[in-house]
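A.B. asks: this is a predicted model, with the sequence first.
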Amino acid sequence: MPQKPPSGPRCAALVGPYLSGKTTLMESLLCVSGAIPRKGTVKDGSTVGDASPAARSRQMSVEPTVATTRFMDESWTFIDCPGSIEFAHEAYTALMVVDAAIVVCEPVIERALMLAPLLKFLDDRQIPHLVFINKIDQSSQRMRDVLAALQAVSARPLVLRQVPIREGDKIAGYVDLVSERAYHYKPGQPSDLIPIPKDIAEREKEARQSLLETLADFDDKLLEQLIEDTTPSKEDIYAHLTSTNMQRDRVVPVLMGCADRDFGVRRLLKALRHEVPDATVTMQRLGIPADGEPLAQVFKTQYAAHTGKLSYARVWRGPIADGATLGDGATTARLAGLGKPMGASTSKLAKAEPGETVAMGRLEGIHTGATVTPSGKIPPGLARWPTAPSPCFALAIMAEKRADEVKLSGALHRLIEEDASLSIEQNADTNEHVLWGQGEIHLAVALERLRTQYNLVVSAKPPQVPYKETIKRGIQQHARHKRQSGGHGQFADVKVEIRPVSRGDGFAFEDKIVGGAIPRNFIPAVEDGVREYLGKGPLGFPVVDLHVTLFDGQYHDVDSSDQAFKTAGALAMREAMPKCDPVLLEPICKVSIAVPNEFTSKVQRLISSRRGQILGYDARPNWDGWDEVSAYLPQSEMHDLIVELRSATMGVGTFEWTFDHLAELTGKLAERVVGRKQEQAEKVPG
């Protein structure tokens with residue numbers, strides 16, 4: 001490669017599907033560059049990445065891990081991002097501040113589809129990226145077939161940078177298509193330079209020509225050279241790759257290796273050094289002016305046991321010194337501690353220079369996605385920050401110790417500040433605290449953090465479905481409440497008419513008292529009694545969609561009171577409602593499911609198996625080869641929908657939902673729901 005002057009601090013994210021080897025690759029990058037003396041392993045729990053208890057116990061990334069190193073006298077920060085789709089939002093927020101992304105994948109054709117959402121995110125935001133095909137030593141599939149599968153899910157053209165050298169069934173090295181040099185892998189050491197094997201010379205020339213033709217699509221001069229059979233210089237090809245790919249995000253280089261054995265890792269570092277744009281280019285992409293006061297963007301918030309709140313941020317303009325006051329336009333905080341991250345630990349810094357990725361201490365009130373400056377003034381026109389995905393999996397939670405309820409509220413607030421794809425809901429119908437997230441593992445990790453970080457033991461169960469009930473026929477009911485126990489007694493007499501109304505019209509109370517049968521001041525009490533009863537009808541659920549008319553009654557000059565008429569109103573409802581043909585109502589949600597079109601028929605069968613009603617399907621806007629299936633689905637069938645959907649679509653299917661309407665539920669299903677409700681009521685003391 002041509003010589004280049006040293007660049008300022010740069011940052012790259014390692015992203016890709018679960019089990020693709022991102023954490024192992026970061027460990028190799030850190031070891032090869034000299035940041036750590038030897039490599040740890042995910043199995044042993046000794047890596048720089050995945051340092052949290054939740055990550056260690058599951059042997060998977062559950063949050064971004066930041067580590068800084070130096071390579072050829074340049075500063076690099078690598079962010080190891082979670083691969084599970086349940087933690088995708090954490091990866092996307094980290095990607096907002098990097099100069100480039102390293103997309104790590106396995107050489108398995110069938111798993112290429114798992115990259116589709118990630119590559120779409122990168123392409124939509126024009127984030128420069130390259131692909132590193134990991135575990136190449138285990139590959140049994142042809143590289144051209146793997147590349148074709150990857151190309152099918154990438155909107156940008158992929159350019160293969162290396163041709164593998166095979167020895168029997170194993171890949172033992174590669175030929176670099178620009179330098180036209182061949183290398184033989186050596187575990188844990190730099191590769192040996194060897195002559196290009198004769199048996200792949202022809203294949204190397206074809207692959208190199210394909211690379212040049214792809215680059216020529218973006219440069220007329222290079223196209224003319226190819227038409228005239230003029231071979232461009234290696235320096236020119238490197239220049240085209242640098243300016244065309246990484247800085248303008250027009251093509252995606254593809255490299256290969258094995259992080260576990262350090263194969264191809266040094267070559268990857270050299271490619272990053274030459275082709276990743278520096279922070280000034282990234283600032284232009286993000287709409288950040290080059291001139292002005294110090295400015296940083298927070299991409300991750302974390303509460304650590306001993307240091308308190310840490311805000312991981314990329315500094316775009318600086319310097320920013322420890323003790324500085326920073327604000328986001330709404331909140332101002334004093335920076336208390338500045339550090340260079342290295343996994344779970346940080347080393348102290350006096351100040352952070354432009355381009356550096358740092359951990360800022362105790363920026364209270366400053367959240368992930370915030371842009372901060374000393375004045376609190378934020379430049380207009382900044383790149384849009386990714387919004388948190390819609391929740392799709394929920395658990396009802398409760399502190400096992402009643403004394404911990406207040407503590408639980410504060411801990412949940414911190415968890416949500418750390419991860420915006422979590423949310424908490426107080427369901428008024430079921431009186432449950434419902435924790436929402438992106439899947440089973442996502443919420444399991446949240447509960448584990450409550451236990452390990454906050455010493456909170458929380459019970460969790462599927463949330464109750466907020467069933468309702470209504471009536472199918474009207475009735476008139478007379479009710480009298482009379483009690484005499486010495487002194488003033490209690491007396492109230494009411495006559496009401498109850499009738500059903502259209503679905504969704506709710507509850508209405510009408511006063512038709514004439515001639516003073518009931519004094520005006522007692523009528524609101526009757527309505528209060530009626531409304532109080534509606535909280536639990538004869539089937540055990542809140543009552544909706546009915547009209548109650550108070551049309552007659554009697555009172556006593558001495559013994560009548562507000563409380564007496566409230567009791568009479570509730571009594572009238574309690575006696576009348578069982579006679580009104582009560583019926584159970586279940587909530588129906590409108591669901592929009594997005595999947596690659598090869599899975600559309602599977603999704604339709606899934607919906608039908610869950611008592612759903614398919615409304616139709618159409619192409620997903622701005623997603624080539626994807627469909628959106630619209631359907632009505634009972635809320636009772638949605639608890640584990642995301643689990644089955646991901647299982648059926650290699651993890652890439654998603655859905656959004658909203659409550660739409662209530663529908664009658666009859667037969668054995670209704671009987672089971674009512675039966676469970678009665679069993680629960682019998683278990684309640686008193």
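C.D. replies: Arrived safely, thanks for sending. What you are looking at is a predicted structure, and each value in this text was computed from that prediction instead of being measured.
A.B. asks: helix, strand or coil: sort out Gln476 for me.
C.D. replies: Three-state call for Gln476 (DSSP: H, G, I helix; E, B strand; the rest coil): strand.
A.B. asks: so who does it touch?
C.D. replies: Listed by Cβ atoms under 8 Å, 6 or more residues apart in numbering, the contact partners of Gln476 are 495-498. All C-beta spots, glycine's among them, are computed from the backbone N, C-alpha and C.
A.B. asks: tell me the confidence at it?
C.D. replies: Reading off the confidence values, Gln476 has pLDDT 98.
A.B. asks: can you check the one 4 residues further on too?
C.D. replies: Per-residue confidence at Arg480 stands at 96 (pLDDT).
A.B. asks: and for the one 4 residues further on?
C.D. replies: pLDDT recorded at Gln484 is 78.
A.B. asks: what's the neighbour count on it?
C.D. replies: A count of nearby residues for Gln484, using other Cβ atoms under 10 Å, gives 10.
A.B. asks: now do Val406
C.D. replies: For Val406, the count of nearby residues is 10 (other Cβ under 10 Å).
A.B. asks: what strand or helix carries it?
C.D. replies: Of the helices and strands defined by DSSP states H and E, Val406 is found in helix 405-418.
A.B. asks: could you say what helices and strands that helix packs with?
C.D. replies: Contact analysis of helix 405-418 by 3 or more Cβ pairs under 8 Å, 6 or more residues apart in numbering; DSSP states H and E lists strand 295-304, strand 393-399, strand 423-427, helix 440-454 as its packing neighbours.
A.B. asks: I'd like to know which elements the third one is packed against.
C.D. replies: When contacts are defined as 3+ Cβ pairs under 8 Å, 6+ apart, strand 423-427 sits against helix 405-418, strand 432-437.
A.B. asks: so the residue nearest the centre of the chain: helix, strand or coil?
C.D. replies: Central residue of the chain (Cα atoms, centre = their mean): His89, 3.8 Å from the mean position. His89 falls in the helix class when you classify it by three-state DSSP.
A.B. asks: on that earlier part again, tell me which of the helices and strands packed on strand 423-427 lies nearest to Pro232.
C.D. replies: Nearest to Pro232 among those is helix 405-418 (49.5 Å), distances taken as Cβ to Cβ.
A.B. asks: give me the contacts around the closest one.
C.D. replies: 63, 301-303, 367-368, 397, 399, 422-424, 435, 446, 449-450, 453-454, 456, 458.
A.B. asks: which of the helices and strands packed on strand 423-427 sits most buried?
C.D. replies: The highest mean neighbour count among the helices and strands packed on strand 423-427, using mean count of other Cβ atoms under 10 Å, belongs to strand 432-437: a mean of 21.
A.B. asks: against which helices or strands is that one packed?
C.D. replies: Judged by 3+ Cβ pairs under 8 Å, 6+ apart, strand 432-437 is in contact with strand 393-399, strand 423-427, helix 440-454.
A.B. asks: what about the longest one, distance to the chain center?
C.D. replies: Here the centre of mass of C-alpha atoms in helix 440-454, compared against the chain's by Cα atoms, centre = their mean, to the nearest Å, lies 15 Å away.
A.B. asks: number of nearby residues for Val315?
C.D. replies: Val315: 25 surrounding residues under other Cβ under 10 Å.
A.B. asks: that one: helix or strand, and which one exactly?
C.D. replies: Val315 belongs to strand 308-317, assigned by DSSP H and E.
A.B. asks: by how many degrees do that strand and strand 295-304 diverge?
C.D. replies: 160 degrees (axes from the mean of the first three to the mean of the last three Cα atoms, to 10 degrees).
A.B. asks: partner strands of strand 308-317, with direction?
C.D. replies: Strands that pair with strand 308-317, judged by DSSP bridges, come out as strand 295-304 (antiparallel), strand 357-361 (antiparallel).
A.B. asks: what's the helix or strand hosting Leu147 packed up against?
C.D. replies: Secondary structure assignment for Leu147, by DSSP H and E: helix 143-151. Counting contacts by 3+ Cβ pairs under 8 Å, 6+ apart, helix 143-151 packs against strand 129-133, strand 158-160, strand 252-256.
A.B. asks: and of these, who's closest to Phe393?
C.D. replies: Distance to Phe393, taken as Cβ to Cβ, is lowest for strand 129-133 among those, at 29.1 Å.
A.B. asks: and the angle for the closest one with strand 252-256?
C.D. replies: Angle, strand 129-133 to strand 252-256, by the same axes, to 10 degrees: 20 degrees.
A.B. asks: hmm, who's touching strand 129-133?
C.D. replies: For strand 129-133, the external contacting residues (Cβ under 8 Å, 6+ apart) are 25, 100-107, 119, 122, 139, 143, 146, 150, 158, 245-246, 249, 252-257, 264, 268, 271-272, 275.
A.B. asks: would you mind writing the CA trace of it as PDB?
C.D. replies: These are the backbone C-alpha positions of strand 129-133, laid out as PDB (Å, rounded to 0.1, in the frame of the first residue of the first chain):
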ATOM      1  CA  HIS A 129     -18.400  -0.300   5.900                       C
ATOM      2  CA  LEU A 130     -16.500  -3.400   4.800                       C
ATOM      3  CA  VAL A 131     -17.300  -7.000   5.300                       C
ATOM      4  CA  PHE A 132     -14.900  -9.400   7.100                       C
ATOM      5  CA  ILE A 133     -15.800 -13.000   6.400                       C
END
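A.B. asks: and that strand, what's buried?
C.D. replies: Using 16 or more other Cβ atoms under 10 Å as the test for burial, strand 129-133 gives 129-133.
A.B. asks: tell me what the helix or strand harbouring Val629 is packed against?
C.D. replies: For Val629, the element it lies in under DSSP H and E is strand 626-634. Packing partners of strand 626-634 (3+ Cβ pairs under 8 Å, 6+ apart): strand 582-596, helix 600-609, strand 613-619, strand 654-665.
A.B. asks: so what touches that strand?
C.D. replies: With contacts defined as Cβ under 8 Å, 6+ apart, strand 626-634 is touched by 586-597, 600, 603-604, 607, 610-620, 641, 657, 660, 663, 665.
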